Structures are given as structure tokens and as C-alpha cells.
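[1] the sequence and its predicted three-dimensional model are supplied below.
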Amino acid sequence: MLVDSHAHLDDKRFDNDREDLIKNLRENNIEFIINPGADLKTSRKAVKLAKENENIYAAVGVHPHDAGDMDENTIAELKKLAKEEKVVAIGEIGLDYYYDNSPREIQKKWFKEQIKLAKELDLPIIIHDRDAHEDTYNILKEENDEKLRGIMHCYQSSLEMSKQFIELGFFISLAGPVTFKNAKTPKEVASGVSLDNLLIETDSPYLTPHPYRGKRNEPKHVKHVAQMIADLKGISIEEVIQKTNQNAKKIFGIK
């Protein structure tokens, strides 16, 4: 059974068939998925989906795109949501210097505040890092202690930098881009990072893997990510599935 460690089933692109898709998860060999929030509204939706469905768990957090809308009340509500049943992480949080939808100093401020919340609640964090690798690493290093842990979601940086994140207690999560024909760096990461430190995800409905690029992504496509990692490492897909499943249960505290 596969684990999709990051999917946004609350997204409006699933409005027409969400119930059927969730009902068919087991049929498609998906044991469970983690559904992270990106703001308060989607965090509430993630919690609701997790409560209603046995094979969905939630994370709550505010994405860097919306960091400019945050204040202390936001943190207070995230704290309340994070104590709900089946919330297993704070996320997705982090830095995005590609779009810069929020000023960078504001992004950094609320990234740090959400890290502190996760440590207070003893939860892992799910990190969005786009074109902000150095600042992301420096903040994590600054905040590093025995409680800091988490996932580098849809990892996009180098193999060398992945080792630095792993040293800080983070798993490297690979998504659809590792299957793209010209994706040199994700393939290097998949080959070079030990299975002990890898997770797999879809980031549905985004980043659809080959051969379904251009269509809506779904959790069932996570098997293509697993297959590519297996091919690159020269091992069986069963080995990749078993280990990434164990890793997901370990980091999210799911028995």
C-alpha cells in the first residue's frame, strides 16, 4: 500500500468527484494521504476531510503566498486547529521567492512563528521552499533543536543541499517532477538520497507525473514517482513503497 504524503484534495478541482476519489483510494492501493492546508480556510477544510475519512490525515498552516495576511490571531487559530484529531503536522509553510506574493521579511517572520508553534505542539513541519533554499536552511538551522523535524515537500534543490536538510532531521519528499524527462536534479536527488530519508507525494492536483502531464494529478499517480525512484536506484518498486510508507508513518506519528 502506497502513502501519498502531500495532496490537496480540498482543492476546487476535486469538487465534482472528491467523494468518489476518496472512496477509491484503497482500490488504487493508497493506504492514506496527508492533506495540508495553505491558509486558514483550507486548513479548516483539511481537518474536516480528515475527520470524515479514515484514510486522510491533515496538516494545518499558512503558505508563504498568504504570509502577508497573517497576525497573532492566525497563529492562535492554527494552534486550536492543530489540536484537532488527526492533525499530524504544521504545513505547508515556508518561503517562496519565485512569486514573492508576500514580502520576503514577512514570509520569514511567519515561517519562524509557525516553526515555533510546531515545536510547542511537538509536531513535524511540511516545508514549501521555492527559490529560497539558503534562507530556508538558515532559518531551520537557527531553530534547530530536538523537537524540530519535518519534510522538504516537493524537494527542488540540489543533492548536496539535501544532505544538509537531512542532517537537521528532515525527510526529502519527491513528486511528479522526478519523472519528467529533462529533470536532471530531481533524478540526482532520487539516486543519491538513501531510501531511509525519502518520502513520495503527488501534490495533487498539481505536478502531474509523466505520462499524465497536462491532466489533473491524483493520489493514485504516486506510484509513478515510486517507480521512477526504483528505476533510478536499480531496486524493486515494492522496496521503495515499503520504505517510504514506513518513513511517512514515522515522521507523522501514524501507527
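    Received it, and whenever you're ready, just let me know what you need.

[2] quick one: the strands in this protein, in order.
    2-4, 30-36, 56-60, 87-96, 125-130, 150-152, 170-174, 198-200 (DSSP state E).

[3] quick one: average pLDDT of the first one?
    On average, the pLDDT along strand 2-4 is 98.

[4] got it, and the longest one?
    Mean pLDDT, taken over the full extent of strand 87-96, equals 98.

[5] pretty sure Phe252 contacts Leu123?
    No - judged on C-beta atoms under 8 Å, Phe252 makes no contact with Leu123 at a distance of 9.0 Å. (C-beta placed from N, C-alpha, C; glycine too.)

[6] could you export the strands of the chain to a markdown table, including columns for mean neighbour count and distance to Gly192?
    Formatted as a markdown table, the strands of the chain follow (neighbours: other C-beta atoms under 10 Å; distance: least, C-beta to C-beta, whole Å):
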| stretch | mean neighbour count | distance to Gly192 |
| --- | --- | --- |
| strand 2-4 | 28 | 22 |
| strand 30-36 | 26 | 25 |
| strand 56-60 | 29 | 27 |
| strand 87-96 | 27 | 23 |
| strand 125-130 | 26 | 18 |
| strand 150-152 | 29 | 14 |
| strand 170-174 | 26 | 10 |
| strand 198-200 | 27 | 11 |
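
[7] follow-up on the earlier one: between Phe252 and Leu123, what contacts are shared?
    Contact with both Phe252 and Leu123 is made by residues Val88, Ala89, according to C-beta atoms under 8 Å, 6 or more residues apart in numbering.

[8] Arg13 and Ile30, how far apart?
    Remark: distance between Arg13 and Ile30 (C-beta to C-beta, to the nearest Å) = 18 Å.

[9] of Phe252 and Leu123, which one has the most company?
    Leu123 (24 against 21; other C-beta atoms under 10 Å).

[10] can I assume that one is in contact with Val88?
    Yes - between Leu123 and Val88 a contact is recorded at 7.1 Å, counting by C-beta under 8 Å.

[11] number of nearby residues for Gly214?
    Neighbour tally, Gly214, other C-beta under 10 Å: 6.

[12] which residues touch Glu218?
    Glu218 neighbours (C-beta under 8 Å, 6+ apart): Leu21, Thr202, Ser204, Pro205.

[13] in helices, which of those residues appear?
    The members of the contacts of Glu218 that map onto helices under DSSP state H are Leu21.

[14] how about the contacts of Glu218, which pair is most distant?
    Farthest apart among the contacts of Glu218 by C-beta to C-beta are Leu21 and Thr202. That separation is 11.8 Å.

[15] intersection of neighbour lists for the two?
    With contacts defined as C-beta under 8 Å, 6+ apart, the residues shared by Leu21 and Thr202 are Glu218, Pro219.

[16] neighbour-wise, which of these two wins?
    For Leu21 versus Thr202, neighbours defined as other C-beta under 10 Å are more numerous around Thr202 (28 against 18).

[17] can you name the residues that contact that one?
    By C-beta under 8 Å, 6+ apart, Thr202 lies in contact with 4, 6-7, 175-176, 208-209, 217-219, 221-222, 225.

[18] what do you get for Val189?
    Each residue near Val189 by C-beta under 8 Å, 6+ apart is listed here: Tyr155, Ser158, Leu159, Ser162, Ile172, Leu174, Val178.

[19] in ChimeraX, how would I select the buried members of these?
    To isolate the buried ones among the contacts of Val189 in ChimeraX, judged by 16 or more other C-beta atoms under 10 Å, type:
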select :155,159,162,172,174,178
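
[20] coming back round to it: I'd like the strands of the chain as a markdown table, with distance to Asp17 appended.
    Output for the strands of the chain, formatted as a markdown table (distance: least, C-beta to C-beta, whole Å):
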| stretch | distance to Asp17 |
| --- | --- |
| strand 2-4 | 17 |
| strand 30-36 | 15 |
| strand 56-60 | 15 |
| strand 87-96 | 24 |
| strand 125-130 | 25 |
| strand 150-152 | 27 |
| strand 170-174 | 25 |
| strand 198-200 | 23 |
